[in-house]
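[1] have a look at this prediction, sequence included:
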Amino acid sequence: MNVVTLSQLQFAATCMFHWIFVPLTLGLSIMTAWMETKYVTTGDEMWLRMTKFWGKLFLINFALGVVTGITMEFQFGLNWAEYSRYVGDIFGAPLAMEATITFFLESVFIGVWIFGWKKISKKTHALSIWLAAIGTNLSALFILLANGWMQNPVGYVIRNGRAEMNDFLAVVTNPYGWIKFTHTLMSGYALAAFVIMGVSAWHLLRANEIDFFKRSFKMAAGWAFVASLLVGITGDFHAVEIAKVQPSKFAAMEAVWETKTNAGMCLFLIPDSEGECNAVESLTIPGMLSFLAFHDTSGVIKGLKDFPKEMRPPVTPTFLSFRLMVGLGTFMILASLAGIFLSRSKNFIENRTFLSIMVLAIPVP
């Protein structure tokens, strides 16, 4: 195993561990701010209890996300020093904005929120968590604009053996980055809602604080349903953008080997990377793949065989992970919709099967 492969594995492990915490931070920050706003506007002490309880989970998660994120940023210079030298003029700009603007915004006002209870007015205290939440979500924007540039490079020239930015506006308005940002935000909101539902379900199964956790579950179910729907909608826009700027990735996602017009989508498909074909194809919906890619059934899907082998993504894991993602997203919509209706019934806590499913569903988003 060479140094490059070891560096890739180390960076992948760091990214995956970091990503356990980031989307939950995005979602819990906004939901905590919303709960405190409900307390300030209604005076209902239950909303205050919910704010403090779920806010503690947000703070713990935020701290872990920061620590793992710092580790990842060090690896840009340590594992990928040549990459940092080559594109640092562009890639470093949104990362610097994230560190100097949004991180300080969120960290300062999280401090105000933690230590400001009964020291500042209720409205000012609620404003502090909103500012922290906005900072947290803007952090995701700058990070994903950097990642969006990696996927769809814009606003640069190659000069003196380096990539140098020549159009800052093009970089910060890159459609790929903005679509990734909206898709990621909705994913984070869905995750936070599922965590609240799952933790609430765990307590309801044990008959702990029934009123508190039933209300938390009911509130989170509505968030989860709306966010899960928006995950699907933004995901559709994201797929269209991928088909336009990364056609080889789109072809791998759907295991398309031959270039096709009016391409159909196979509901049951097993790719064979060795034979550069699909071992099984059945239940095809005519024209559906072209429609998903271009919102036009006559769209042309470029097949993997039209790309050099070294330019193709690994087909089987890309295909399987994409199908798994779609399946889990569908489950999220159905589970949250069921949660909305079931949580309104008087005998909700007696539905132990559904509550157990929701505990197990915490990692699904």
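    Received it, and whenever you're ready, just let me know what you need. Residues are numbered from 1 along each chain as shown.

[2] quick one: the strands in the protein, in order.
    156-159, 162-165, 260-261, 265-272, 277-285, 300-301 (DSSP state E).

[3] highest mean neighbour count out of those?
    strand 300-301 (a mean of 19; mean count of other C-beta atoms under 10 Å). C-beta here means a position set from N, CA and C on the backbone, and glycine is covered the same way.

[4] neighbouring strands for that strand, and are they parallel or not?
    Strand pairing for strand 300-301, using DSSP bridges, gives strand 260-261 (antiparallel).

[5] and the strand it pairs with, what's its mean pLDDT?
    Per-region confidence: strand 260-261 scores 86 on mean pLDDT.

[6] what's the answer for stretch 199-219, then?
    Rounded mean pLDDT across stretch 199-219 is 94.

[7] list the buried residues in that stretch.
    199-204, 212-219 (16 or more other C-beta atoms under 10 Å).

[8] what of stretch 108-116?
    Buried, per 16+ other C-beta under 10 Å, within stretch 108-116: 109-110, 112-113.

[9] ok, back up a step: let's see which of the buried residues of stretch 199-219 end up in helices.
    Taking DSSP state H, the ones among these that sit in helices are 199-204, 212-219.

[10] just to revisit the earlier point, JSON lines please, covering the buried residues of stretch 199-219 and showing distance to Thr25.
    Formatted as JSON lines, the buried residues of stretch 199-219 follow (distance: C-beta to C-beta, whole Å):
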{"residue": "Val199", "distance to Thr25": "16"}
{"residue": "Ser200", "distance to Thr25": "19"}
{"residue": "Ala201", "distance to Thr25": "22"}
{"residue": "Trp202", "distance to Thr25": "21"}
{"residue": "His203", "distance to Thr25": "22"}
{"residue": "Leu204", "distance to Thr25": "25"}
{"residue": "Phe212", "distance to Thr25": "23"}
{"residue": "Phe213", "distance to Thr25": "22"}
{"residue": "Lys214", "distance to Thr25": "25"}
{"residue": "Arg215", "distance to Thr25": "23"}
{"residue": "Ser216", "distance to Thr25": "18"}
{"residue": "Phe217", "distance to Thr25": "21"}
{"residue": "Lys218", "distance to Thr25": "23"}
{"residue": "Met219", "distance to Thr25": "19"}
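
[11] between those, which is nearest Val171?
    Val171 lies nearest to Met219 out of those, by C-beta to C-beta, at 38.2 Å.

[12] and that closest one, how far is that from Phe322?
    32 Å (C-beta to C-beta, to the nearest Å).

[13] give me the helix or strand of this structure that scores worst on average pLDDT.
    One helix or strand of the chain scores below all others by mean pLDDT, DSSP states H and E: strand 277-285, with a mean of 81.

[14] what's the angle between that one and strand 265-272?
    170 degrees (axes from the mean of the first three to the mean of the last three C-alpha atoms, to 10 degrees).

[15] name the helices or strands packed onto strand 277-285?
    Other helices and strands packing on strand 277-285, by 3 or more C-beta pairs under 8 Å, 6 or more residues apart in numbering; DSSP states H and E, are strand 265-272.

[16] which helices and strands sit right next to the strand it packs on?
    Going by 3+ C-beta pairs under 8 Å, 6+ apart, strand 265-272 lies up against strand 277-285, helix 288-294, helix 315-342.

[17] can you get me the start-to-end distance on stretch 337-356?
    Length of stretch 337-356, first residue to last, C-alpha to C-alpha, to the nearest Å: 16 Å.
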